[in-house]
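J.: sequence and predicted model, in that order:
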Amino acid sequence: MHDGIPQTYISAETIDPVIPPSQRLLSLKGHPLYVWKNDNDQIIVEYWDCDVREGSFLSGEYGCGYTFEEACQDYIRKISGKTLVFHAYTKSRKEVKVLF
């Protein structure tokens, strides 16, 4: 726990095993991935209602690329080793530490 907030850790075991390995890039049970295209035709991905905690600060993070896979790999690179905070300003706040 961090300041009374329950924490979860993302590892190979927490990724949904029903999803084929090629599609598991960011499959985390209960947390939908938000995907859209920007004005430059790049695909953007991020978890819905999720911030990244660095120290005592929260900031937004997203991945981008010209394919879905590139965008997911970029996002994974950016969140690797960090703590994700879902629903930060609500009673259902949940922190998830990314281990890979």
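T.: Alright, I've got the coordinates.

J.: Val98 versus the residue nearest to Glu61 when sequence neighbours are not counted, what's the distance?
T.: Nearest residue to Glu61, sequence neighbours excluded (C-beta to C-beta, 6 or more residues apart in numbering): Val52, at 4.6 Å. In short, each C-beta sits where N, CA and C put it, glycine included. For Val52, the distance to Val98 (C-beta to C-beta, to the nearest Å) stands at 9 Å.

J.: do the same with Val35
T.: From Val35 to Val98 the distance is 19 Å (C-beta to C-beta).

J.: same question, Val45
T.: Noted for Val45: a distance of 14 Å to Val98, by C-beta to C-beta.

J.: do Trp48 as well
T.: On the measure of C-beta to C-beta, Trp48 and Val98 end up 16 Å apart.

J.: okay, now Arg93: neighbour count?
T.: For Arg93, the count of nearby residues is 13 (other C-beta atoms under 10 Å).

J.: list the contacts of the residue lying closest to it once chain neighbours are set aside.
T.: Excluding the flanking residues, the one nearest Arg93 by C-beta to C-beta, 6+ apart is His87, at 5.3 Å. His87 makes contacts with 49, 93-94, as judged by C-beta atoms under 8 Å, 6 or more residues apart in numbering.

J.: bridging residues for the residue nearest the centre of the chain?
T.: The chain has Tyr47 as the residue nearest its centroid, 4.7 Å off, counting by C-alpha atoms, centre = their mean. Taking DSSP bridges as the rule, Tyr47 bridges to Leu33.

J.: next one: Lys97
T.: The partner residues for Lys97, given DSSP bridges, come to Tyr9, Thr83.
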